[in-house]
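>>> What follows is a predicted structure for the sequence shown.
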Amino acid sequence: MQITLTARHLEITPHLREYVTKKLEKLGKFDHQILKSEVVLFPDRAYEVAEGKVHTGHFVVTAKGHGSDSYQAVNDLADKLVIQLERRLGKIRTRRRRAPGHKFRPEKSNPQG
């Protein structure tokens, strides 16, 4: 997985870069088709903000996390991304389960009678 980390108006320390990488790599256990992740960190008045975008094979998930420091903002962001990935994958699994023998499927009308 390719991870892009960008900071606006703050400096990225090696520890912060490693922390963000570790958090985003944990997302791989929810979807093995994650292609790349983008994270932007920036201060906003009284708190820090982390915006993230995760590109998978089928969809793109975006979220924004807030916190008193960058680490808390990254934690909030990772939690929100996990919730969205679980929700999306649940919808895909439900659709796959229902598809072959779905009983609400409209029947074809018979033109002869």
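Sure, I can see it.

>>> what's the longest helix in the protein?
If you go by DSSP state H, the chain has its longest helix at helix 70-98.

>>> what's the average pLDDT for it?
Mean per-residue pLDDT for helix 70-98: 89.

>>> Tell me which other helices or strands it touches.
Contact here means 3 or more CB pairs under 8 Å, 6 or more residues apart in numbering; DSSP states H and E; on that basis helix 70-98 packs against helix 14-25, strand 36-44, strand 47-55, strand 60-67. Bear in mind the C-beta positions are built from the backbone N, C-alpha and C, glycine included.

>>> out of these, which comes closest to Arg98?
Closest of those to Arg98 is strand 60-67, at 22.9 Å (criterion: CB to CB).

>>> quick one, that closest one and strand 47-55 angle?
160 degrees (axes from the mean of the first three to the mean of the last three CA atoms, to 10 degrees).

>>> Please identify the buried residues of strand 60-67?
By neighbour count on 16 or more other CB atoms under 10 Å, the buried set for strand 60-67 is 61, 63, 65, 67.

>>> Mind listing the strands that strand pairs with, and their directions?
strand 47-55 (antiparallel) (DSSP bridges).

>>> quick one: contacts of the strand it pairs with?
10, 24, 27, 34-43, 60-70, 72-74, 76-78, 81, 85 (CB atoms under 8 Å, 6 or more residues apart in numbering).

>>> Measure how far it is from the centre of its chain, please.
10 Å (CA atoms, centre = their mean, to the nearest Å).

>>> Could you pull up the residues touching the residue nearest to Gln84 when sequence neighbours are not counted?
Distance criterion CB to CB, 6 or more residues apart in numbering; nearest residue to Gln84, sequence neighbours excluded, is Val61 at 4.6 Å. Val61 sits next to 53-54, 81, 84-85, 88 when contact means CB under 8 Å, 6+ apart.

>>> Confidence-wise, which helix or strand of the chain is lowest on average?
Within the chain, no helix or strand scores below helix 70-98, which has a mean of 89 by mean pLDDT, DSSP states H and E.

>>> re earlier: can you redo the buried residues of strand 60-67 as a markdown table with distance to Arg17 and pLDDT?
Shown next, in a markdown table, are the buried residues of strand 60-67 (distance: CB to CB, whole Å; pLDDT from 0 to 100):
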| residue | distance to Arg17 | pLDDT |
| --- | --- | --- |
| Val61 | 21 | 93 |
| Ala63 | 19 | 96 |
| Gly65 | 17 | 96 |
| Gly67 | 17 | 95 |
